[in-house]
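> Here is a sequence together with a model predicted from it:
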Amino acid sequence: MSAEAVADIMYTMAHSHVGGNNILYRIFYYDCKPLGKKFHNPISNKVVDFSKTYEYKFRNDLFEALKKKRKVALRLGNLKDNGQWQIYSSKVKELLKGITDISSLTENDVYLNIRQKGIDMKIGVDIASLSLKRFVDTIVLFSGDADFVPAAKLARREGVDFILDPMNANVDPQLFEHVDGMKSVTPPILKRKSQNEKY
């Protein structure tokens, strides 16, 4: 799908949680700007220009599409790259079992180690701020990560109804006891796509 279509789906999913007399305060979207640097693949020694990748263009187009949506706030963290390449875990297992050797590795068997920085902190601060300032009475978190347990606990102590939408994915068991409910919403377009894939 296009970035605009994905933005529409995300927007629809967020609004699906707002019903009855509830009023949407704001949709917060957390992400990092895509990597746009050049690196040399250690196997082939070819230059990899990440600014020319599909993911780079898609992610930036998605940000632009979300900026045009009403009541959407982008919260962008940073990507930390240490210039280190790693071997995919599946290949590491093959190496350890003697199925393959180092000389057989290809440029597609390695990846650049990149980590998001500052995202969890931004989410935690926003949840705390919204709860303590009484801006909202319900928070819906689209995630399944246990890193947000402290923020969820604070929100609930402040009387906020904390709902988790894991988007039908697995949820860390620690989260279950610190939320007030769990509900995954799937937009009609994704339901139709899923049904069509079955045939």
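Arrived safely.

> tell me, how many neighbours does residue 143 end up with?
Neighbour count for residue 143, taken as other C-beta atoms under 10 Å: 17. Every C-beta, even on glycine, is put in place using the N, C-alpha and C of the backbone.

> Residue 49 too?
12.

> could you measure it against residue 117, distance?
23 Å (C-beta to C-beta, to the nearest Å).

> what's the single longest strand in the chain?
Longest strand in the chain, counting residues (DSSP state E): strand 72-87.

> The next helix or strand after that one vs strand 72-87, what angle?
The C-terminal neighbour of strand 72-87 among helices and strands, as given by DSSP states H and E, is helix 89-97. Put simply, helix 89-97 runs at 20 degrees to strand 72-87, going by axes from the mean of the first three to the mean of the last three C-alpha atoms, to 10 degrees.

> Now the phi/psi pair for residue 48, please.
Per-residue torsions, residue 48: phi -110, psi 110 (degrees, to the nearest 10).

> burial of residue 70, as a residue count?
Neighbour number of residue 70 under other C-beta under 10 Å is 8.

> same question, residue 102
Residue 102 has 9 nearby residues by other C-beta under 10 Å.

> Contact partners for it?
Neighbouring residues of residue 102 by C-beta atoms under 8 Å, 6 or more residues apart in numbering: residue 95.

> how close does it get to residue 8?
Noted for residue 102: a distance of 46 Å to residue 8, by C-beta to C-beta.

> How about residue 136?
Between residue 136 and residue 8 the distance is 24 Å, computed by C-beta to C-beta.

> more neighbours, these two?
Neighbour tally, residue 136 and residue 8, criterion other C-beta under 10 Å: the higher count belongs to residue 136, 19 against 16.

> So residue 81 is in contact with residue 111, correct?
No. At 11.4 Å, residue 81 does not count as touching residue 111 under the criterion of C-beta atoms under 8 Å.

> Pick out whichever of those two has more residues nearby.
Taking neighbours as other C-beta under 10 Å, residue 81 and residue 111 compare with residue 81 leading, 14 against 11.

> which residue packs closest to that one, ignoring adjacent ones?
Nearest residue to residue 81, sequence neighbours excluded (C-beta to C-beta, 6 or more residues apart in numbering): residue 114, at 5.0 Å.

> ditto for residue 67
Excluding the flanking residues, the one nearest residue 67 by C-beta to C-beta, 6+ apart is residue 74, at 6.6 Å.

> Let's see the pLDDT reported for that neighbour.
Looking at residue 74, its pLDDT stands at 95.

> Okay, it and residue 21: tell me how far apart.
28 Å.

> the more surrounded of these two?
Each of residue 74 and residue 21 has its neighbours counted (other C-beta under 10 Å); residue 74 has more, 14 against 5.

> Please tell me I have it right and the more buried one contacts residue 68.
No. Using C-beta under 8 Å, residue 74 is not in contact with residue 68, being 11.3 Å away.

> Pull the number of nearby residues for residue 140.
Neighbour tally, residue 140, other C-beta under 10 Å: 19.
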